[in-house]
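Q: Build me a model from this:
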Amino acid sequence: MVQATVADTIHYSILASGSGGNATYLETAGHRILIDAGLSGKQLEQRMEAIGRSLDQVEALFVTHEHSDHSHGVGVLARRYGMPVYANAGTWAAVEGKIGKIAPDQKQLLAPGKFLDLGDLQVEAFAVSHDAAQPQFYQIHHDDQSFVILTDTGYVSDRVVQTIKNADGYLIECNHDPEMLRMGPYSWPLKQRILGDTGHLSNEEGAGALMEVIGKRTKRVFLGHRSQHNNMRSLAHLTVASILENHDFGVDHDFKLADAEPDQPSPLLSL
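A: Numbering: from 1, shown residues only. Here you go, the predicted structure:
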């Protein structure tokens, strides 16, 4: 267990968010966890070092789904640091053979709709609509605080909205601009996949989801999982900010709107 040397809140850093790799670090006074490990072990070590933390302090790794931009470093981290890895049954079956051997006692199950209670930190898994075996994302709870990670979904259902409504912080997907995607270099089947109900949220769809879930408690929203080919940071930010402001949301007044990056970690922030 981590010594109680940090304030009684959730601290977090989005280590990477994008089509090339995803990972988020979260800590409380008592526990330190990682959500996804979509970079190499070396890259993850460097990003943790950049925020003043080390992977040997991480107690558990939670995997959202088997796609390599979320699972690439899972096996390396499990073998190198001995941490337990949590995923649902479908993801474990799908990732088999892709991440190397992991000791059986490190392979832990956490199904959609279930909570893992670590004491001063609880992890809630919820199912999403994505073209993976059994995709799920996570809401992290500490006392009456919560932080939500929601990327890689074709749409946000009413059930998910009710699960994640009025969180203190969000990392939410704004993957693509539909026009850039349609005019871009991808094949038509891949474009259809991204645009479909098991694909990814566009900038406009991300904004629409945020309008459903932002509440009085919400302090910071990160826009993430931005496509390097079908989006731009400035376009995603402007699109979401404009839609929210046009619907009377107090962007950068009631809450901070920020951009998660693929190539550098965010500072270690607190809720």
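Q: Report the contact partners of the residue nearest in space to the middle of the chain.
A: Nearest to the mean C-alpha position of the chain, by CA atoms, centre = their mean, lies Ile149 at 3.8 Å. By CB atoms under 8 Å, 6 or more residues apart in numbering, the contact list for Ile149 reads Thr24, Ile35, Thr64, Phe137, Tyr138, Gln139, Ile140, Leu171. Where C-beta positions appear, they are placed from N, C-alpha and C, glycine not excepted.
Q: So which residues make contact with the longest helix along the chain?
A: Longest helix of the chain, by residue count under DSSP state H: helix 233-246. Helix 233-246 is contacted by residues 174, 177, 180, 203-204, 206-208, 210-211, 214, 223, 226, 251-252, 257, 259, 261 when judged by CB under 8 Å, 6+ apart.
Q: Give me the residue ranges of the chain where confidence is low.
A: Within the chain, the segments meeting pLDDT under 70 span 1-7.
Q: try it again with 50
A: Within the chain, the ranges that satisfy pLDDT under 50 run 1-5.
Q: Which parts of it are strands?
A: Listed in chain order, the strands of the chain (DSSP state E) span 11-16, 23-27, 32-35, 60-62, 85-87, 107-109, 115-117, 122-127, 136-142, 145-150, 169-173, 220-224, 256-259, 269-270.
Q: Format those strands as JSON lines; extra columns: distance to Val156.
A: Listed next are the strands of the chain as JSON lines, based on distance: least, CB to CB, whole Å:
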{"stretch": "strand 11-16", "distance to Val156": "19"}
{"stretch": "strand 23-27", "distance to Val156": "19"}
{"stretch": "strand 32-35", "distance to Val156": "18"}
{"stretch": "strand 60-62", "distance to Val156": "20"}
{"stretch": "strand 85-87", "distance to Val156": "21"}
{"stretch": "strand 107-109", "distance to Val156": "25"}
{"stretch": "strand 115-117", "distance to Val156": "21"}
{"stretch": "strand 122-127", "distance to Val156": "11"}
{"stretch": "strand 136-142", "distance to Val156": "11"}
{"stretch": "strand 145-150", "distance to Val156": "7"}
{"stretch": "strand 169-173", "distance to Val156": "9"}
{"stretch": "strand 220-224", "distance to Val156": "14"}
{"stretch": "strand 256-259", "distance to Val156": "18"}
{"stretch": "strand 269-270", "distance to Val156": "24"}
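Q: do you know which of these lies nearest Ser54?
A: strand 32-35 (9.4 Å; CB to CB).
Q: Point out the other helices and strands that the closest one packs with.
A: strand 23-27, strand 60-62, strand 136-142 (3 or more CB pairs under 8 Å, 6 or more residues apart in numbering; DSSP states H and E).
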